[in-house]
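Engineer: okay, here's the prediction I keep looking at, along with the sequence it came from:
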Amino acid sequence: MRRNVKLMPVQILAVGFALIIFCGGIILSLPISCRNGADLSFIDGLFTSTSATCVTGLAVVDTYSQFNFFGQLVILILIQIGGLGFMGFATVFAFAARSKITIFQRTLLQESLGSSHIGGVVKTIRRMLVGTLVIEAMGAFLISLRFVPRVGLAEGIWYGIFHSISAFCNAGFDLMGKFEPGSSITLFADDPLIEITIMALIAVGGLGFIVWSDMADHKFSFHRLSLHSKIMLTFTAALILGGALIFYIVEGNYSFRNMNTGERIMNSFFASVSPRTAGFNSVQYADMSTAGRFLTMMLMFIGAGPGSTGGGIKVTTFVTLMLSIYSNAKNYNDLSIFKRRLPADAQRKALSTIASYIFLVICCTFLLLMLNPELTSESCFFESLSAMGTVGLTMGITSGLGTVSELCLMFLMYCGRLGSIAVAMAIVRKKVIPKISYPEEKITLG
């Protein structure tokens, strides 16, 4: 007699994302999705589907040159599903059918959002869906103002919609191949409307839906916000401002050398915002200084907020790590910020997340170097961080990678979107409780 297999919420999310990626890969590899009826290899279609669903932006083929309107639409739907989370997307249909959201479904939504409690999760989802629609519509209108005069009304509106959703979901996919394949938005490096709009979409999407809901509940009063929201708003601003200042200083004689002061300031902010974790670039990374690329990798590593459309270890995890270092240096037992103490297990969770993240990036970097000996360590490490952080920035090596290398990056993108710890929990079905508690003994650390 077979036992009923019951999946945990995190396993349902993991399986759901995998199924969406697989189906997307099949559709994108068919002639119906490609220009002139030319097909695409399944592995390249699967890579594109993984990158879109995991809102990464790494591409082995140019999106505009390879895919027709239907293929681009499929990619956009995958990006939107990946940005909202497939449970959030499924809730749209539940709301439309006026179906009641069960406790189990609320648990899935809580897991998908990364919320710490189940209460109010449906209200957060409602706000998320309405807010997403409004913000993406505003972004599409502003971006289309630039493209309509270039490519006509219908195509210009489509460009506005595509790039608005891609930016808000921190995906980094673009259709600039019509003008110059692989150029991202470098052709608009002197255009404030395009750059500021895309930066705003990236930043808002990267804050996270939990912060949105909290700000709406407390009418944007900072001192009444939750500790999570205060940390996200404060340190997001600090990372953007600090990153922009450093980029302005180090890139003056490199990628910004042909720009005036206003353009340098604008592109400094863009270079600071995009790596966390959007994948658009206004300058070519081959032209960037080594220091600039290293700063980009640091920002990719940190990423955006929990429950957002971005990746990375997350801003709150990075802040917890910094607080741990400070507390250990001062010999404090507690981690405190904004007159609040973090939970006792916060440090353990943060260190586990960071350790698993670094381990996977190092392993993938090693495999890329082993399989592609002609590549540099910097380019492979950059690519691995970009995949794990679901960023999508590249030093130009993605399209030349082989099948095994692509599979390696796909696994990183999948882990980066779901969270490496969540993937491990999905694989290990049952919580292992030791039957024996061994005696404690100290070891020397540091």
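Structural biologist: Alright, I've got the coordinates.
Engineer: may I see the buried residues of the longest helix along the chain?
Structural biologist: The longest helix of the chain (DSSP state H) is helix 121-151. If you call a residue buried by 16 or more other CB atoms under 10 Å, then helix 121-151 has these buried ones: 121-122, 124-125, 127-129, 131-132, 135-136, 139-140, 142-144, 146-148, 151. (Glycine included, C-beta is placed from N, CA and C.)
Engineer: and the helices in the stretch 301-446 of the chain?
Structural biologist: With DSSP state H, counting those that start in this stretch, the ranges of helices along the stretch 301-446 of the chain come out as 315-330, 346-371, 377-388, 403-418, 420-427.
Engineer: go through the ones you listed and name the closest to residue 300.
Structural biologist: Each of the helices of the stretch 301-446 of the chain has some distance to residue 300 by CB to CB; the shortest is helix 377-388, at 4.8 Å.
Engineer: okay, residue 312: pLDDT?
Structural biologist: With respect to pLDDT, residue 312 scores 86.
Engineer: now for it, how many residues are close by?
Structural biologist: Residues lying near residue 312 (other CB atoms under 10 Å) number 26.
Engineer: measure the spatially closest residue to it that is not a sequence neighbour to residue 203 for me?
Structural biologist: What sits nearest to residue 312 in space, not counting adjacent residues and going by CB to CB, 6 or more residues apart in numbering, is residue 303, at 1.3 Å. Residue 303 sits at a distance of 13 Å from residue 203 (criterion: CB to CB, to the nearest Å).
Engineer: ok, those two, which is more surrounded?
Structural biologist: Taking other CB under 10 Å, residue 303 and residue 203 do not tie; residue 303 has more neighbours (28 against 21).
Engineer: wait, the residue nearest to residue 312 sits on residue 313?
Structural biologist: Yes: counting by CB atoms under 8 Å, residue 313 is a contact partner of residue 303 at 5.9 Å.
Engineer: in stretch 320-339, which residues are buried?
Structural biologist: Using 16+ other CB under 10 Å as the test for burial, stretch 320-339 gives 320-321, 323-324, 327, 335, 337.
Engineer: ugh, wrong one, stretch 342-361
Structural biologist: The neighbour-count check on stretch 342-361 (16+ other CB under 10 Å) flags 342, 346-347, 350, 353-354, 356-357, 360-361 as buried.
Engineer: hmm, who's touching that stretch?
Structural biologist: With contact meaning CB atoms under 8 Å, 6 or more residues apart in numbering, stretch 342-361 is reached by 301, 313-314, 317, 320-321, 323-324, 334-336, 381, 384-385, 388, 412, 415, 419-421, 424.
Engineer: now do stretch 365-383
Structural biologist: 58, 285, 290, 293, 296-297, 361, 384, 393-398, 400-402, 404-405, 408-409.
Engineer: contacts only, for residue 416.
Structural biologist: By CB under 8 Å, 6+ apart, the contact set of residue 416 is 54, 56, 311-312, 387-390.
Engineer: can you add distance to residue 163 and give those residues back as CSV?
Structural biologist: Below are the contacts of residue 416 laid out as CSV (distance: CB to CB, whole Å):
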residue, distance to residue 163
54, 19
56, 16
311, 19
312, 22
387, 22
388, 24
389, 21
390, 18
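Engineer: now, among the residues you listed, which is nearest to residue 81?
Structural biologist: Comparing the contacts of residue 416 against residue 81 with CB to CB places residue 54 closest, at 10.4 Å.
Engineer: ok, which stretches of the stretch 51-200 of the chain are helices?
Structural biologist: Here the stretch 51-200 of the chain has its helices, by DSSP H, counting those that start in this stretch, at 63-66, 69-84, 86-96, 103-113, 121-151, 153-168, 192-207.
Engineer: which one, of those, ends up nearest to residue 15?
Structural biologist: helix 86-96 (10.2 Å).
Engineer: that closest one - what's its average pLDDT?
Structural biologist: For helix 86-96, the mean per-residue pLDDT is 51.
Engineer: ok, stretch 408-420 next?
Structural biologist: Mean per-residue pLDDT for stretch 408-420: 85.
Engineer: which of the buried residues of stretch 320-339 sit farthest apart?
Structural biologist: Taking CB to CB, the two most distant members of those are 321 and 337; they sit 12.4 Å apart.
Engineer: centroid-nearest residue for this protein?
Structural biologist: The C-alpha lying nearest the average C-alpha coordinate of the chain belongs to residue 310 (CA atoms, centre = their mean; 2.8 Å).
Engineer: and it, how close does it get to residue 278?
Structural biologist: For residue 310 relative to residue 278 (CB to CB), the value is 8 Å.
Engineer: what sits in contact with each of those two?
Structural biologist: Counting by CB under 8 Å, 6+ apart, the shared contacts of residue 310 and residue 278 are 170, 206.
Engineer: list the contacts for residue 362?
Structural biologist: Each residue near residue 362 by CB under 8 Å, 6+ apart is listed here: residue 384.
Engineer: please name the residues that touch the residue nearest to residue 312.
Structural biologist: By CB under 8 Å, 6+ apart, the contact set of residue 303 is 276-277, 310-315, 389-390.
Engineer: same thing but at 6 Å, please
Structural biologist: Taking CB atoms under 6 Å, 6 or more residues apart in numbering, we find residue 303 in contact with 276-277, 310-314, 389.
Engineer: what's the closest of these to residue 19?
Structural biologist: residue 311 (20.5 Å).
Engineer: quickly note the distance from the closest one to residue 346.
Structural biologist: Noted for residue 311: a distance of 20 Å to residue 346, by CB to CB.
Engineer: ok, now residue 304?
Structural biologist: 19 Å.
Engineer: same question for residue 371.
Structural biologist: 38 Å.
Engineer: and what of residue 167?
Structural biologist: 31 Å.
Engineer: same deal with residue 219?
Structural biologist: Distance from residue 219 to residue 346, counting by CB to CB: 28 Å.
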